[in-house]
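**Student:** Okay, here's the prediction I keep looking at, along with the sequence it came from:
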Amino acid sequence: MSVRIRLKRLGTKKKPHNRIIVCDKRRARDGKAIEEIGYYDPSKNPPFVKVEKERALYWISKGAVPTEIVKSILKKQNII
């Protein structure tokens with residue numbers, strides 16, 4: 001099973017916010033997740049980010065691959 005760390009879109013039209021999730025890469029964007037490890041709200045200034053560092057590092061050590069956007073978020077939070 002190929003696991004990804006990616007964003008799950010929530011919110012209403014033109015007011016999105018996201019959850020950072022761990023899921024199988026073959027699942028739909030808003031499908032069932034293995035685990036939710038954080039939040040990301042780009043509409044605030046500066047963007048609101050909350051990530052469980054231990055869980056993110058755990059999943060990366062198990063072979064989960066973050067998407068480009070999540071990788072940049074994790075770098076800004078000094079997790080990777």
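**Tutor:** Yep, that arrived. Numbering: from 1, shown residues only.

**Student:** Which secondary structure state does D30 sit in?
**Tutor:** Following DSSP: H, G, I helix; E, B strand; the rest coil, D30 is assigned to coil.

**Student:** That one is in contact with R6, isn't it?
**Tutor:** No. Distance between D30 and R6: 10.7 Å, which falls outside the contact criterion (Cβ atoms under 8 Å). For glycine as for every other residue, the C-beta is placed from the backbone atoms N, C-alpha and C.

**Student:** So which of these two has more stuff around it?
**Tutor:** More crowded of D30 and R6, by other Cβ atoms under 10 Å: R6, with 22 against 12.

**Student:** Contacts only, for the residue lying closest to that one once chain neighbours are set aside.
**Tutor:** Closest residue in space to R6, ignoring its immediate chain neighbours: T67 at 4.6 Å, by Cβ to Cβ, 6 or more residues apart in numbering. Shown in contact with T67 (Cβ atoms under 8 Å, 6 or more residues apart in numbering): R4, I5, R6, L7.

**Student:** For A56, see how far away the first one is.
**Tutor:** Pointing back at R4 there. Distance, R4 to A56, by Cβ to Cβ, to the nearest Å: 13 Å.

**Student:** In the protein, mark out all the strands, start to finish.
**Tutor:** 3-12, 15-24, 35-41, 48-51, 65-66 (DSSP state E).
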